[in-house]
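[1] For reference, the sequence and a predicted model appear below.
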Amino acid sequence: MQKKISCCGTICSSCDYYPADCQGCEVIEGHVFWLEYTGESICDIYDCCKNQKKYVHCGQCTELPCCRYERDDPTKTPEENKEDHSGQMRNIKEHMEIEKLVSDLYQKDSGKAYESLKVLLQKSREASRVYSFMDDFIQMMEHENSYLRNRGIQLIAANARWDEDNKIDEVIDKYLKHIMDEKPITARQCIQVIPELAQYKKELRADIVEGLKCAKPNRYRESMIPLVQKDIAEALHKIEGFNK
């Protein structure tokens, strides 16, 4: 399951009240259910971070951790509260590390950008933390720089397994256009990773298969045509295997 994390570092999706009683702070905008016990109208951490300081998360604040994190849950032991607070800091730190890796994808130093891409791809296949940057990858997929398009295409496919929000469904036509990207290297990259997308997005397989079958590799120079044709054949073979 995709992890939902609040700006304070709390993993909302790990809470017993999620999603029936609470859909997470990003959805309810800090109006959490436990406020009825405190007499407040909004979570003070959320209000400070999102409404007052306009931050994406508390990790962007120089005052972290502030006094707002000192409040304890009266239903938990001191040890449990201490672990909760430590966990929030760990989660924010990890989010900031991923944020930095995503930023480094735009580095002019292609070697550094590639190293960041490798780490992000690995993290994407291990857990859902990188998925929170899916909008960035979608935007990257349409970048005028083909190297950035390559990175966006790969990261979208690698995060397909976490796409409960169906963000890929909304942009699948744009994604499939890259099967015949103006740059043959980008086209090959798209074709090579598209089975991973098809594996986790069953409802999109028919569109993906059609996109592959309608591809016209003849648009590329002669030396590239057989390579693209081979990529397409291998991708179709892998996707066919998912249907068995």
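    On my side now, so go ahead.

[2] Can you get me a residue count around L176?
    20 (other Cβ atoms under 10 Å). The way it works is simple: take the backbone N, C-alpha and C, and place the C-beta from them, glycine included.

[3] elements contacting the longest helix along the chain?
    Looking across the chain with DSSP state H, the single longest helix is helix 78-104. If you count contacts as 3 or more Cβ pairs under 8 Å, 6 or more residues apart in numbering; DSSP states H and E, helix 78-104 packs onto helix 110-126.

[4] what's in contact with the helix it packs on?
    98, 101-102, 104-107, 129-131, 147, 151, 154-155, 158-159, 161-162 (Cβ atoms under 8 Å, 6 or more residues apart in numbering).

[5] Any of the residues you listed buried? List them.
    Using 16 or more other Cβ atoms under 10 Å as the burial test, these include 98, 101-102, 104-105, 129-131, 147, 151, 154-155, 158-159, 161-162 as buried.

[6] Which of the residues in the longest helix of the chain are classified as buried?
    So for helix 78-104, counting by 16+ other Cβ under 10 Å, buried means 81, 85, 88-89, 91-92, 94-95, 98-99, 101-102, 104.

[7] Then stretch 170-184?
    V171, I172, Y175, L176, H178, I179, M180, D181, P184.

[8] what comes into contact with the helix or strand the second one falls within?
    Which is I172. Using DSSP states H and E, I172 maps to helix 167-177. Outside helix 167-177, the residues that touch it by Cβ under 8 Å, 6+ apart are 134-135, 138, 141-142, 153, 156, 160, 163, 190, 197, 201, 203-204, 207-208, 211.

[9] C-terminal to that helix, what's the next element?
    helix 184-200.

[10] before we move on, the earlier item: just the buried ones from the contacts of helix 167-177, in ChimeraX syntax?
    Only the buried entries of the contacts of helix 167-177 go into this ChimeraX selection, using 16+ other Cβ under 10 Å:
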select :134,138,141,153,156,160,163,190,197,201,204,207,208,211
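
[11] chain center to the helix or strand bottoming out on mean pLDDT in the chain, what's the gap?
    When each helix and strand of the chain is scored by mean pLDDT, DSSP states H and E, helix 25-28 comes last, with a mean of 86. Chain-centre distance of helix 25-28: 18 Å, with Cα atoms, centre = their mean, to the nearest Å.

[12] can you pull the buried residues of it?
    Neighbour counts over helix 25-28 (16+ other Cβ under 10 Å) mark C25, I28 as buried.

[13] contacts for the helix or strand following that helix?
    Downstream of helix 25-28, the first helix or strand assigned by DSSP H and E is helix 44-46. With contact meaning Cβ under 8 Å, 6+ apart, helix 44-46 is reached by S6, C7, C8, C25, E29, G30, C58, R68, Y69.

[14] Can you tell me the centre-most residue of the protein?
    Closest residue to the average C-alpha location of the chain: Y131 at 1.6 Å, with Cα atoms, centre = their mean.

[15] Are we agreed that it is in a strand?
    No - remark: Y131 does not belong to a strand; assigned using DSSP: H, G, I helix; E, B strand; the rest coil, it is helix.

[16] Distance check, it against K3.
    8 Å (Cβ to Cβ, to the nearest Å).

[17] Are there residues contacting both of these two? Which ones?
    By Cβ under 8 Å, 6+ apart, no residue touches both Y131 and K3.

[18] follow-up on the earlier one: quick one: which of the buried ones among the contacts of helix 110-126 is nearest R219?
    Nearest to R219 among the buried ones among the contacts of helix 110-126, counting by Cβ to Cβ, is Y147 at 20.5 Å.
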